[in-house]
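Trainee: I would like to see how this sequence folds:
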Amino acid sequence: MPKEMEKKAWRLIGMAKVSVNKTRRKLLMQEAFDLLSQASALRQLDPNGEELNGGVDIWEQGYRMRLSNGDGVSLWVFLQAESRADAAWTAKALAEAWSEHFDDYDLWDGVSHLRDPGPSLFFCDSAEEVAATSQQSLLEVEETILHSHAALAHSRRLLEATAALRDRLARHEN
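Mentor: Residues are numbered from 1 along each chain as shown. Just a heads-up that it's a prediction; the model follows:
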């Protein structure tokens, strides 16, 4: 597991080097540092380099966001994102698309609560730096909600955001 963490960290560092957005670059570097620190700690726990046994709870891995409103309603969404910066962009996009139903959101990386990314972290045009797989995952989440019978499926903002992302990804493929 430490080797995979280190590989991802170096991939994030490479992404940070080419990023033109200062905030995104900082998020990518912070995530890389966190991964390298975790890998180092795991190596100290298991100096022989053998994999540590034990399962990992789904809540302890991956990115997820929690949307909430004043009525006490919460919705948890698992995000498939390449990096913490991509997860923050995805969470912001979903929060904006669902703002008719939810007032607030927060982002989690495993069991770590990430501070609220805030409204100015990424701008709509920053999608060019977001991995295509993260954008595709966002589109899949939006379309899943649209095809459900939930009240969210009728959100004007969600319909507009989904159409815009679908168009952006179609242009990217061509």
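Trainee: which residue ranges make up the domains of the protein?
Mentor: 2-45, 58-173 (automatic domain parsing).
Trainee: mean neighbour count for those domains - can I get that in TSV?
Mentor: (C-beta placed from N, C-alpha, C; glycine too.) Formatted as TSV, these follow (neighbours: other CB atoms under 10 Å):
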stretch	mean neighbour count
domain 2-45	16
domain 58-173	16
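Trainee: make a markdown table from those and add mean pLDDT to it.
Mentor: Listed next are these as a markdown table, based on pLDDT from 0 to 100:
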| stretch | mean pLDDT |
| --- | --- |
| domain 2-45 | 84 |
| domain 58-173 | 79 |
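Trainee: quick one: residues in contact with stretch 127-135.
Mentor: 19-21, 24, 80-83, 85-87, 89-90, 165, 168-169, 172 (CB atoms under 8 Å, 6 or more residues apart in numbering).
Trainee: same thing but at 7 Å, please
Mentor: 19, 21, 24, 81-82, 86, 89-90, 165, 168-169, 172 (CB atoms under 7 Å, 6 or more residues apart in numbering).
Trainee: who touches stretch 101-109?
Mentor: 63-70, 75, 84, 87-88, 91, 95, 113-114, 116-117, 151-152, 155.
Trainee: could you say which helix or strand contains L158?
Mentor: Take DSSP states H and E as the rule and L158 turns out to sit in helix 156-173.
Trainee: centre of the chain versus that helix, how much separation?
Mentor: Here helix 156-173 is found 18 Å from its chain centre; the criterion is CA atoms, centre = their mean, to the nearest Å.
Trainee: which other helices and strands does that helix contact?
Mentor: Counting contacts by 3 or more CB pairs under 7 Å, 6 or more residues apart in numbering; DSSP states H and E, helix 156-173 is packed against helix 84-97, helix 132-147.
Trainee: and that helix with helix 132-147, angle?
Mentor: 140 degrees (axes from the mean of the first three to the mean of the last three CA atoms, to 10 degrees).
Trainee: mind saving the C-alpha coords of helix 156-173 as CSV?
Mentor: The C-alpha trace of helix 156-173 is given here as CSV (Å, rounded to 0.1, in the frame of the first residue of the first chain):
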residue,chain,number,x,y,z
ARG,A,156,-33.4,23.7,-13.0
ARG,A,157,-29.8,24.3,-12.0
LEU,A,158,-29.0,20.6,-12.1
LEU,A,159,-30.5,20.3,-15.6
GLU,A,160,-28.5,23.2,-16.8
ALA,A,161,-25.3,22.1,-15.2
THR,A,162,-25.6,18.5,-16.6
ALA,A,163,-26.3,19.8,-20.1
ALA,A,164,-23.2,22.2,-19.9
LEU,A,165,-20.9,19.4,-18.6
ARG,A,166,-22.2,16.9,-21.2
ASP,A,167,-21.4,19.5,-24.0
ARG,A,168,-18.0,20.3,-22.5
LEU,A,169,-17.1,16.6,-22.4
ALA,A,170,-18.4,16.0,-26.0
ARG,A,171,-16.2,18.9,-27.2
HIS,A,172,-13.2,17.5,-25.3
GLU,A,173,-13.6,14.1,-27.0
